[in-house]
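> Got a predicted structure plus its sequence, pasted below:
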Amino acid sequence: MLLSREEALSMLRKFVKNERLLKHMIAVEAIMRKLAERLGEDVELWGLVGLLHDVDYELTQSDPRRHGLVAAEILRDKLPEHALRAIMAHNIETGIQDDSRLAVALRAADAVSGLIVATALVMPRKKLSEVKLDTLKRKLRQRDFARGVRREQIYECEKLGLSLDEFLSLSLQALQEVASVLGL
């Protein structure tokens, strides 16, 4: 049985104290929900995977190889096994391979959320409403911009049958829909 979104948020508040990290997780949730809708997948499950994927981040900062593994322990009995595997595999340092649609989508959503937020923050009013597809594509090509963003994970959108333009547009729209929650 799946957690409700309210139960997931309550759990997050126990493990996540950093407000920026919480906003990142909400951003990834929004993208995952939009992807699931577009791909005909389970919107609630995909949203929860996006929302909870970094539940262990603060606990594992001193040992990044454990990030995702600890999350799976925390979430055991709360999400199905394939969702736990996608969460473990989103951190390439775990060495866990998963090329399921859910895992690919999570890696791509995790990376693109960082690119979109970084792009919004360099806009004149620092708002997601100012970000356009052409700007995102230009920033994606600029290797010195948002250096922490794993661009190769963004390009994994093609494994989902989505062009880069469609994926970026869909992701941007998802974040614009939660802009007030993100403060952008």
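Yep, it's here. Numbers count the residues shown, from 1 in each chain.

> before we move on, what SS does the residue located most distally from the centre of the chain have?
Taking C-alpha atoms, centre = their mean, the residue of the chain most remote from its mean C-alpha position is Pro124, at 24.9 Å. Here Pro124 is recorded as coil under DSSP: H, G, I helix; E, B strand; the rest coil.

> List the contacts of it.
Pro124 makes contact with Glu130, according to C-beta atoms under 8 Å, 6 or more residues apart in numbering. From N, CA and C alone the C-beta is placed, and that goes for glycine too.

> what do you get for Leu106?
With contact set as C-beta under 8 Å, 6+ apart, Leu106 has these partners: Val28, Met32, Val49, Gly50, His53, Ala86, Ile87, Ala89, His90.

> Can you tell me which of the residues you listed is closest to Lys139?
Distance to Lys139 across the contacts of Leu106 (C-beta to C-beta) is lowest for Val28, with 18.3 Å.

> where does the closest one land in three-state SS?
Using three-state DSSP as the criterion, the local structure at Val28 reads helix.

> I figured it hits Arg107, correct?
No. Counting by C-beta atoms under 8 Å, no contact exists between Val28 and Arg107, whose distance comes to 10.3 Å.

> before we move on, the earlier item: out of the contacts of Leu106, which comes closest to Lys14?
His53 (16.0 Å).

> residues touching the closest one, list them.
Met25, Val28, Gly68, Ala71, Ile87, His90, Leu106, Asp110.

> Which members of these occur in helices, if any?
With DSSP state H as the criterion, helices contain Met25, Val28, Ala71, Ile87, Leu106, Asp110 from among the contacts of His53.

> Please give me every residue in contact with the fourth one.
Counting by C-beta under 8 Å, 6+ apart, Ile87 makes contact with Val49, Leu52, His53, Gly68, Ala71, Ala72, Leu75, Leu79, Leu106.

> returning to that earlier point: out of Val28 and Arg107, which sits in the busier spot?
Neighbours per residue (other C-beta atoms under 10 Å) separate Val28 from Arg107, with Val28 holding more: 30 against 25.
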